[in-house]
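Engineer: Take a look and give me a structure for this.
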Amino acid sequence: RKGSEYLAMERELQEALFCEDCDFVFKENHDMLRMVFDRYRQIECYKGRFGNFSLNAWEKLLRNCHCFDEKCPQSVGGIAFVAAAELIPDEVSSLLHLELKFPDFLVALGYFVMLREGDFDVFVLPDMLEDFFEDHIMVVGAELSGASRSGGAAAPAPHLRPMLAFLAELFEKADVDRSG
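Structural biologist: Numbering: from 1, shown residues only. Okay, here's the model as predicted:
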């Protein structure tokens with residue numbers, strides 16, 4: 001019974017999130033969201049794993065964005081993360097279930113906004129996303145871009161990302177004992 005309730009909730013979330021208006025909001029904020037994703041996945045990664053966004057990075061991002069309050073406990077962030085994470089049933093010994101790829105990260109943000117608000121009209125979801133990005137994510141994005149201008153580690157150039165992703169994946173495959 002719980003499984004069918006979960007599937008119904010997930011279907012409702014997906015129907016609300018996967019629409020043209022929400023897609024436009026994500027595209028409009030893509031560069032900033034990508035920068036935040038790239039920075040946090042490097043700051044809070046699991047040992048030897050640099051390619052994906054960890055659960056630790058997700059929680060740190062939401063805390064730094066001041067997303068939690070009486071109305072929205074930290075557990076809402078965890079639910080959004082788990083709901084957006086790619087499920088790979090035959091992967092029992094890896095950390096993939098505790099990591100998000102960039103598309104999953106975007107879905108987790110959408111789920112978080114919806115779960116944070118509780119009951120809402122699906123027609124205002126694009127506005128809710130836009131407000132959330134402006135009020136929370138852009139603040140952290142501005143801090144990160146200021147850090148890169150003031151001598152902090154800069155995000156890799158877009159043309160280098162495929163090569164860095166390949167090297168990270170190659171390293172992960174070669175690091176059999178997960179020692180880093």
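Engineer: okay, the most centrally placed residue in the chain: pLDDT?
Structural biologist: The centroid of the chain falls nearest to Phe105 when counting by Cα atoms, centre = their mean (2.7 Å). Residue-level confidence at Phe105 comes out at 95, pLDDT.
Engineer: what does Arg161 give?
Structural biologist: 69.
Engineer: what ranges do the helices span in the protein?
Structural biologist: Ranges of helices in the chain, per DSSP state H, are 2-17, 20-28, 30-43, 55-64, 74-84, 102-117, 125-132, 138-149, 161-174.
Engineer: What is the burial count for Glu143?
Structural biologist: 13 (other Cβ atoms under 10 Å). From N, CA and C alone the C-beta is placed, and that goes for glycine too.
Engineer: and if you look at Cys22?
Structural biologist: For Cys22, the count of nearby residues is 20 (other Cβ under 10 Å).
Engineer: same question, the one 4 residues further on
Structural biologist: Using other Cβ under 10 Å, Phe26 is surrounded by 18 other residues.
Engineer: Assess the claim that the residue nearest to the centre of the chain and Ala84 are in contact.
Structural biologist: Yes - contact criterion Cβ atoms under 8 Å: Phe105 and Ala84 qualify, at 7.5 Å.
Engineer: roughly how far apart are Phe37 and Phe24?
Structural biologist: Shown here: Phe37 relative to Phe24, a distance of 19 Å by Cβ to Cβ, to the nearest Å.
Engineer: Which of those two has more residues huddled nearby?
Structural biologist: Neighbours of Phe37 and Phe24, each counted by other Cβ under 10 Å, are more numerous for Phe37; the result is 21 against 13.
Engineer: Stretch 30-38: how far from the chain's middle?
Structural biologist: 10 Å (Cα atoms, centre = their mean, to the nearest Å).
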